[in-house]
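Next one to model:
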Amino acid sequence: MTAKERLRNIVGGSAGNLVEWFDWYVYAAFTLYFAPSFFPEGDQTAQLLSSAAVFAVGFVMRPIGAWLFGIYADRRGRKAGLTLSVSLMCAGSLMIAAAPTYASAGLLSPAILVLARMIQGLSLGGEYGSSATYLSEMAGRERRGFWSSFQYVTLIAGQLVALALLLLLQALLPEAALERWGWRLAFAAGALLAVVVFVIRRRLSESPSFDANPVRVSSGTSLFRDHPREALLVMALTAGGTLAFYAYTTYMQKYLANTVGFDRPTASRIMTAALFVFMLLQPLAGLLSDRIGRKPVMIAFGIAGTLLTVPIFTALEATRDPWTAFALVMASLVIVTGYTSINAVVKAELFPSHIRALGVALPYAIANTMFGGTAEYVALWLKDAGHERWFYTYVAAMIGLSLVAYATMRETKLTSRIDDDRTA
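Predicted coordinates:
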C-alpha cells in the first residue's frame, strides 16, 4: 500500500468515526433541551437523572455490540464491520428525531428513546473495536501512535461538532423553540451524515493485516480462553480512563450548568472551546508515544488524574468566571489526554490479527459500560443525595486503580502483535 493510499483510508475511516460519535454525543449535548419532552414534569435534576439513566442503557448494549461486531470484523473484515455499524447508528438517530413527546404519547415516548439508544449502543460497541483496529493496522510501525490517535481526534470532533451545532441552534432559535422542536434537527442531521459515511466506508480498502491472515476463528470463548491476560488488562487500563473521560467531557457540561451555576449557553461555550484544544492535543501525545513509548504517557495520566481530580472539581465549585472555569476544565482534559490519545493502539497491539477486533472491543466495552456509561448517573445520583463530592473521589480512586495496570504492563510499542502480521 502506497503512502497516499494509506492516508486516504485513514482519513476515510476517521471521518466515519467522527459521524458515529457525533450521533452518539448529540444526545448528551441536547439533553438539557429534550429531557422535558420525554419525561414527566419535575425539577431539572430529576429530568436529567432520567435522561442519564437512558444514556447508561445505551452503554449496556455496547458489550453486546462489541461481541457481535468484533467477531464480524474479525471474520468478514474491518471494512464490513465499519459499514454495518454506521447503518445502525443512522436508524437510531432517525427514531429519536421522529419520536413523539411524553405529553402526546405517554410512556411510549421514553420507550422509543430507550430502544433508539439501545440500537445506537449496539452500533457504537462495534464501532470502537472496528475503527481502533482498522486505524492501528493501517498505520505504519513508526507512526502508529500518531495515526491511531486520530480515533480520538474524530471522537472528540464528533462531540465538538455536536456542541457547535448546539451553539448554532442556541443563536438562531429561542430557548422555548429549542425545547419544543429544535433539538430534533440535531438528530435528523446525524442520520443524514450517517448515510454519507455509509457511502464513504463502502469505498475503503480492507486492512492489510486482515488480508494477510487467513485464520477466521474469532469468538468470545477463544478470546478469554486463549488471551485472558490481555483481555483483563484491557478492562483494567480502560476503567479509570473511560470514567475520567466521561466525567471531564460529557458530564462536565451539565456540571457547569447544574452545579457551578453558569447558564446553559455559557456552559456550552466553555466546553466547546476546551474540547477544541483537547482534540488538537491527541496527535501530539500520540507522536510522543512513538518517541518514548506508550507506558510513560499512560502513567503520567494515572498519576496526575489520581492527585488532581478532586482539587479541580472542588475549585470549579467556587468558580464564577468563565475564563477560570475554562482553565480548570482544560487542565482536566490535558490530564486525560495521556489515556485518550493512545488507548486504542495499546489495545490493538496486544492481540493477534485473527481476534484483534474482538479483543479490542469486548473487554473495553465491558469496562466502558461499568464505569464510563454510569458516570453521569452516579454523579447526578450523588448530587441528588447531597454527596456530590463523593463523585470526585470515586473518579480519582478509579484512575489510581488503572495506574497499577499502566505501571505493571509491558511496553506494547516494543512488543506489538501488529508487527507479527507481516509474517502471518
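
From Val395, how far out is the residue nearest in space to the middle of the chain?
For the chain, the residue nearest the mean C-alpha position is Leu155 (6.2 Å; C-alpha atoms, centre = their mean). Counting by C-beta to C-beta, to the nearest Å, the gap between Leu155 and Val395 amounts to 19 Å. Bear in mind the C-beta positions are built from the backbone N, C-alpha and C, glycine included.

Now tell me which helix or strand of the chain has the poorest mean pLDDT.
Using mean pLDDT, DSSP states H and E, the weakest-scoring helix or strand in the chain turns out to be helix 208-212, at a mean of 79.

re the thing from before, nearest residue to the residue nearest to the centre of the chain other than its sequence neighbours?
Spatial nearest neighbour of Leu155, chain neighbours left out: Trp21 (4.7 Å); criterion: C-beta to C-beta, 6 or more residues apart in numbering.

how about that neighbour, what does it touch?
The neighbours of Trp21, taking C-beta atoms under 8 Å, 6 or more residues apart in numbering as the test, are Leu124, Glu127, Thr154, Leu155, Ala157, Gly158, Gln159.

Could you export these to a markdown table, including columns for distance to Leu173 and pLDDT?
What follows is these, written out as a markdown table (distance: C-beta to C-beta, whole Å; pLDDT from 0 to 100):
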| residue | distance to Leu173 | pLDDT |
| --- | --- | --- |
| Leu124 | 28 | 85 |
| Glu127 | 30 | 85 |
| Thr154 | 28 | 89 |
| Leu155 | 27 | 86 |
| Ala157 | 24 | 90 |
| Gly158 | 22 | 88 |
| Gln159 | 21 | 82 |
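
quick revisit: and the helix or strand hosting the residue nearest to Leu155, what's buried?
Using DSSP states H and E, Trp21 sits within helix 3-29. Applying a neighbour-count criterion of 16 or more other C-beta atoms under 10 Å, one finds 6, 8-10, 12-29 buried in helix 3-29.

could I get the following helix or strand past that helix in CSV with only the CA atoms?
Using DSSP H and E, the helix or strand that follows helix 3-29 towards the C-terminus is helix 31-38. The C-alpha coordinates for helix 31-38 follow below in CSV (Å, rounded to 0.1, in the frame of the first residue of the first chain):
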residue,chain,number,x,y,z
THR,A,31,-30.2,16.6,27.0
LEU,A,32,-31.0,19.9,28.7
TYR,A,33,-33.4,20.7,26.0
PHE,A,34,-35.1,17.4,25.1
ALA,A,35,-35.4,15.9,28.6
PRO,A,36,-38.8,17.7,29.2
SER,A,37,-40.2,16.2,26.0
PHE,A,38,-39.6,12.6,27.1
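
okay, and for the stretch 101-250 of the chain, where does confidence drop off?
For the stretch 101-250 of the chain, the stretches with pLDDT under 70 are 215.
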